[in-house]
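# Sequence first, predicted coordinates after that:
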Amino acid sequence: MTPKPAGPLSRSVNVERLPKDRAEIVVEANPAECEALARDFKVPAIRDLVGRFTLRGSLTRLHAEGRVEAVVTQICTVTLEPFEAKVSEPVEVDFTNADILEGTDAEDVDLPDPIVNGRVDFGVLTAEFLALGLDPYPRKPGVAFDAVTVGEDPLPFSDLAALRAKLGGDKG
């Protein structure tokens, strides 16, 4: 039985089959995967999504380093116009074999990401770091937010002070 993918982009790799000293993993999302991720991330479009990872370490302690890059269409928070922006997010993640920690006190400690059944999903890793690289308040290049001021803000009780003055001033 094959486990269900964790999201629209899945590239599960058996780390036991990787070269022992150093390995390279490249994840390239196809147009359908990019479209599904764009829906998940609530952006108009994603294209040219690539995750490149260099792996070092052992089967019980694996270190992944690399970069996730894509071109993302976002909506400007000032003008509400769509625009394209490049995302380039560095990646540095450690993985450990979760099975060796089962039943120990180490289960409750903040640990590296798990290697589950000898596998790591580099598609999910690519999607996660793309999400981290998205600007939560995107602005089209060259657009600045200018605060609008209509006039001087009245003091909170200025209307009451004017009424008091009109009714006879300060008698007390």
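Received, thanks. Residues are numbered from 1 along each chain as shown.
# Now do the strands in this protein.
12-14, 22-28, 45-57, 61-75, 82-97, 113-115, 119-121 (DSSP state E).
# For residue 142, find the nearest of these.
strand 82-97 (10.0 Å; Cβ to Cβ). All C-beta atoms are positioned from the backbone trio N, CA, C, and that covers glycine.
# just the angle between the closest one and strand 61-75, please?
Relative orientation of strand 82-97 and strand 61-75, computed by axes from the mean of the first three to the mean of the last three Cα atoms, to 10 degrees: 160 degrees.
# Now strand 82-97: buried residues?
When burial is assessed from 16 or more other Cβ atoms under 10 Å, strand 82-97 yields the following buried residues: 83, 85, 87, 89, 91, 93, 95, 96, 97.
# And stretch 16-29, by the same measure?
Buried, per 16+ other Cβ under 10 Å, within stretch 16-29: 18, 23, 25, 27, 29.
# same question, stretch 134-146
Residues 134, 138, 139, 140 are the ones in stretch 134-146 that count as buried (16+ other Cβ under 10 Å).
# where does this protein dip in pLDDT?
Counting by pLDDT under 70, the chain has low-confidence residues at 1-6, 19-21, 98-111, 145-156, 169-172.
# export the strands of the chain to CSV and tack on distance to residue 127?
Listed next are the strands of the chain as CSV, based on distance: least, Cβ to Cβ, whole Å:
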stretch, distance to residue 127
strand 12-14, 13
strand 22-28, 9
strand 45-57, 8
strand 61-75, 9
strand 82-97, 11
strand 113-115, 14
strand 119-121, 9
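# Quick one: closest of those to residue 164.
Nearest to residue 164 among the strands of the chain is strand 61-75; the distance by Cβ to Cβ comes to 49.0 Å.
# Neighbouring strands - and their directions - for that closest one?
strand 45-57 (antiparallel), strand 82-97 (antiparallel) (DSSP bridges).
# Could you check how far residue 126 is from residue 64?
Distance, residue 126 to residue 64, using Cβ to Cβ, to the nearest Å: 11 Å.
# Residue 49 now?
Between residue 49 and residue 64 the distance is 17 Å, computed by Cβ to Cβ.
# what do you get for residue 41?
Taking Cβ to Cβ as the measure, residue 41 falls 22 Å from residue 64.
# Between these two, tell me which one has more neighbours.
Taking other Cβ atoms under 10 Å, residue 41 and residue 64 do not tie; residue 64 has more neighbours (22 against 14).
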